[in-house]
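Undergrad: Just a sequence and a predicted model for now, questions to come.
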Amino acid sequence: MNPYRALLVLLAAAFVPVFAVAQEAPATDTYVPTVLVTGANKGIGLEFVRQYAARGARVIATARNPGDAADLNALAAANPRVIIEPLDVTDHAAIDALAAKYAGTAIDLLINNAGISGSAQNQVFGRMKYDAFEEVLRVNTIGPLKMAEAFMPHVQASRDKRIVAVSSSEGSIGKVNSARLYFYRTSKAALNMEMKNLAYQVKSKGVSIGLLNPGMVDTDLMKGLPKSMLRPPADAVRDMMRNIDTLTVANTASFWEYDGTILPW
Ligand SMILES: NC(=O)c1ccc[n+]([C@@H]2O[C@H](COP(=O)([O-])OP(=O)(O)OC[C@H]3O[C@@H](n4cnc5c(N)ncnc54)[C@H](OP(=O)(O)O)[C@@H]3O)[C@@H](O)[C@H]2O)c1
């Protein structure tokens, strides 16, 4: 063998096993997937924790103030696979620190769930509160991208390699036919764009990206609306999980209505 070819063979032997370990988690019947959820202390995020934990997944449940999260703490007390971590998604140093803490841990599914409406009274044309707009963008749009960036190595090292964001049909430009919620709608439309962009960034690495609309759900975000218009969080999360289960690189960048149909951008 000529010396150049011998060197190539040696290099391949040295690097291929390491690369393979970093890329592939074992696909066995006993495999326990890991799910990371933001905004896990209440509403839809808490329900994601409950349902993935009930399925047997390990769940890293993040919340701004875990000390105030009684329901989440009760879930963790009853299930050792639920781990609670403090995290504000606008704090990029904290996101990096959490990613470093879990370096080497495969995360099968990152759920960017944390979100705020920005309050309807702050986003009325003629008396816009632009500070509130900036905060909505920090939470709903910038936070999910930063989370995806920081946790990409963990997701790439997992078996399922999925990232989803809880978007909203309010972010569908194609569905707009009346004026309301400038900040919230804009933040979700921008979330959709950045996640679709990301989908093409990471497709070749086997990572798939999904956007989910939960429908109108009975949480604090919808406080004040008649209960008869709202779906229970348990139903919304069950439906979103059904869509997440089908997410692969073949249908990456889908914007799913909770019933599995595709929403217009
Ligand atoms: N409910 C609906 O009908 C509906 C419809 C479409 C889309 N969505 C989306 O669903 C997601 C969850 O909302 P929800 O309905 O469950 O509302 P929610 O009950 O108000 O929950 C929002 C969650 O986001 C967290 N959060 C807010 N700012 C945060 C920050 N800076 N860092 C970390 N977490 C933060 C909240 O934590 P704190 O308790 O600490 O504030 C809370 O856990 C949002 O992205 C929302 O836009 C909801």
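TA: On my side now, so go ahead.
Undergrad: Find the nearest non-adjacent residue to Ala132, please.
TA: Distances taken as CB to CB, 6 or more residues apart in numbering place Asn122 nearest to Ala132, at 3.9 Å, with adjacent residues excluded. Any C-beta I mention is one placed from the backbone N, CA and C, and that applies to glycine too.
Undergrad: what's the answer for Ala179, then?
TA: Phe125 (7.0 Å).
Undergrad: Tell me the spacing between the one you found and Leu181.
TA: Separation of Phe125 from Leu181 (CB to CB, to the nearest Å) stands at 11 Å.
Undergrad: returning to that earlier point: count of residues packed around the residue nearest to Ala132?
TA: Neighbourhood size, Asn122 [other CB atoms under 10 Å]: 20.
Undergrad: where's it relative to Glu135, distance?
TA: The spacing between Asn122 and Glu135, counted by CB to CB, is 9 Å.
Undergrad: what's the answer for Leu230, then?
TA: Separation of Leu230 from Glu135 (CB to CB) stands at 25 Å.
Undergrad: can you check Arg127 too?
TA: For Arg127, the distance to Glu135 equals 17 Å [CB to CB].
Undergrad: Secondary structure class of the closest residue to the ligand within the stretch 51-200 of the chain, three-state.
TA: Closest to the ligand within the stretch 51-200 of the chain is Gly115: 2.1 Å, counting by CB to the nearest ligand atom. Three-state assignment for Gly115 (DSSP: H, G, I helix; E, B strand; the rest coil): coil.
Undergrad: Next: Ile111.
TA: Taken by three-state DSSP, the conformation at Ile111 corresponds to strand.
Undergrad: So what sits opposite the closest residue to it other than its chain neighbours in the bridge?
TA: By the measure of CB to CB, 6+ apart, the closest residue to Ile111 outside its immediate chain neighbours is Val37, 4.6 Å from it. Under DSSP bridges, the beta-bridge partners of Val37 are Ala61, Ile111.
Undergrad: Stretch 202-211 near the ligand anywhere?
TA: No - judged by CB under 6 Å from any ligand atom, stretch 202-211 stays clear of the ligand, getting no closer than 10.6 Å.
Undergrad: what's the span of that stretch, first residue to last?
TA: Chord length of stretch 202-211, first to last residue, is 15 Å (CA to CA, to the nearest Å).
Undergrad: Make residue 1 into 28 and carry on from there
TA: Sounds good: first residue 28 from here, last item stretch 229-238.
Undergrad: Could you tell me how many residues sit around the residue of the stretch 78-227 of the chain closest to the ligand?
TA: Gly142 has 27 neighbours, counted by other CB under 10 Å.
Undergrad: how about the closest residue to it other than its chain neighbours, what does it touch?
TA: Leaving aside its sequence neighbours, Gly142 sits nearest to Asn167 (CB to CB, 6+ apart; 5.0 Å). By CB atoms under 8 Å, 6 or more residues apart in numbering, the residues touching Asn167 are Gly142, Ile143, Tyr211, Ser214, Lys215, Leu218.
Undergrad: so what pLDDT did the second one get?
TA: For Ile143, the model assigns a pLDDT of 98.
Undergrad: wait, doesn't it sit right on Leu164?
TA: No - contact status for Ile143 versus Leu164: not in contact, 10.2 Å apart, counting by CB atoms under 8 Å.
Undergrad: Hmm, Glu284 and Arg269 touching each other?
TA: No - applying CB under 8 Å, one finds Arg269 not in contact with Glu284, separated by 11.7 Å.
Undergrad: So these two - more neighbours on which side?
TA: Between Arg269 and Glu284, counting by other CB under 10 Å, Glu284 is the more crowded of the two (16 against 13).
Undergrad: out of Phe152 and Leu208, which sits in the busier spot?
TA: The neighbour comparison of Phe152 against Leu208 (other CB under 10 Å) goes to Leu208, with 19 against 8.
Undergrad: Tell me the backbone dihedrals of that one, please.
TA: Backbone torsions of Leu208, given as degrees, to the nearest 10, read phi 50, psi 60.
Undergrad: On the pLDDT front, check it for me.
TA: Leu208 is assigned 98 on the pLDDT scale.
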